[in-house]
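**Q** sequence and computational prediction follow.
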Amino acid sequence: MMRDCILVWAPKWVGDVVMATAAFAALRRGLPEAHLGIVVAPRLAPLLEGSDWFDETILHDPQERGRGALLPLLRRIRNGGYRTAVLLPYSLRSAWLCWVAGVPRRIGYATQGRGLLLTDAVPAPREGGKVRPRYMGTVYTDLLRPLGIEPGPPAPVLGVTPAQEASARALLERRGALPGERFIGLAAGSSFGSSKRWPAPHFARAGKALAESLGLRCLILSAPGEEWVEEEIARWLGKDA
């Protein structure tokens, strides 16, 4: 009996990949014998290293254009024998690339005029002529229904490798955390800038309220280049930082 080969096209942002982990886990539970592959950006692949959902990881930077970047990707998909693609992004590009690669069944939301490129064009819930905002975990798990999979709770699930755990321990030690200490993590940065970033005073007030109610201290987390956000929140937090 031929093994099912299913390709998942991952979102291109960190938060969206985290929200999609419920769909990844549900797909593996629903099709335990299938060969599952994923197309994911290199910078996001470490998010999946601690989990065993996928048999093959295909690295592809969505910012790369041109034949030099796309031909190896198309060749990899074709050679993988994938019969079904589950396209989590709304993009026209992901549907077009799977169509060009010859994947027979292509499941995704019918957005951005890509319906003709999909064999299973799932209608996106709309409100006032626009796609209705929904919890992204549900958005992604709902795409499994054409495969006969009832996804279950859409809560994120993340695994951790020993190396990642060691790196986290080292970070906590540098921040002065005690062994076994529980804390409140405030991740305040955003690559989109201030339009997607909660103001520092709001983070500080929320952190203080949580610290007082739970008896824990706050630990502010930031990415390289976002240290100034961390410093600003720390000023507002004062002694609770």
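**A** Nice, thanks for sending it over. Residues are numbered from 1 along each chain as shown.

**Q** okay, and the helix or strand of the protein with the least pLDDT?
**A** Every helix and strand of the chain was ranked by mean pLDDT, DSSP states H and E. The lowest is strand 126-127, at a mean of 74.

**Q** partners of the next helix or strand after that strand in the sheet?
**A** Under the assignment DSSP states H and E, the closest C-terminal helix or strand after strand 126-127 is strand 130-131. Strand 130-131 has these partner strands in its sheet, going by DSSP bridges: strand 126-127 (antiparallel).

**Q** ok now the longest helix seen in the chain, how far from the chain's centre?
**A** Assignment by DSSP state H gives helix 14-30 as the longest helix of the chain. Computed by Cα atoms, centre = their mean, to the nearest Å, the chain-centroid distance of helix 14-30 equals 8 Å.

**Q** other SSEs contacting it?
**A** For helix 14-30, the packing partners by 3 or more Cβ pairs under 8 Å, 6 or more residues apart in numbering; DSSP states H and E come out as strand 5-9, strand 35-40, helix 136-141. Any C-beta I mention is one placed from the backbone N, CA and C, and that applies to glycine too.

**Q** okay, and for the chain, where does confidence drop off?
**A** 1-2, 189-196, 239-241 (pLDDT under 70).

**Q** keeping just the C-alphas, turn stretch 179-192 into PDB.
**A** The C-alpha trace of stretch 179-192 is given here as PDB (Å, rounded to 0.1, in the frame of the first residue of the first chain):
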ATOM      1  CA  PRO A 179      17.600  27.400  39.400                       C
ATOM      2  CA  GLY A 180      14.000  26.200  39.200                       C
ATOM      3  CA  GLU A 181      12.600  29.700  39.500                       C
ATOM      4  CA  ARG A 182       9.300  30.500  37.800                       C
ATOM      5  CA  PHE A 183       8.800  33.900  36.300                       C
ATOM      6  CA  ILE A 184       6.600  36.000  34.000                       C
ATOM      7  CA  GLY A 185       8.100  36.500  30.600                       C
ATOM      8  CA  LEU A 186       7.300  39.700  28.700                       C
ATOM      9  CA  ALA A 187       8.100  39.400  25.000                       C
ATOM     10  CA  ALA A 188       7.600  43.000  23.800                       C
ATOM     11  CA  GLY A 189       9.300  43.300  20.500                       C
ATOM     12  CA  SER A 190       7.800  43.200  17.000                       C
ATOM     13  CA  SER A 191       9.400  43.200  13.600                       C
ATOM     14  CA  PHE A 192       6.500  45.200  12.300                       C
END
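
**Q** contacts for it, please.
**A** Residues from elsewhere that reach stretch 179-192 (Cβ atoms under 8 Å, 6 or more residues apart in numbering): 172, 177, 196-198, 200, 203, 206-207, 210-211, 214, 216-223, 226, 229-230, 233.

**Q** please indicate which of those residues are buried?
**A** 177, 197, 200, 203, 207, 210-211, 216-220, 222, 226, 229-230, 233 (16 or more other Cβ atoms under 10 Å).

**Q** closest to G129 out of the helices and strands packed on helix 14-30?
**A** Closest of these to G129 is helix 136-141, at 18.4 Å (criterion: Cβ to Cβ).
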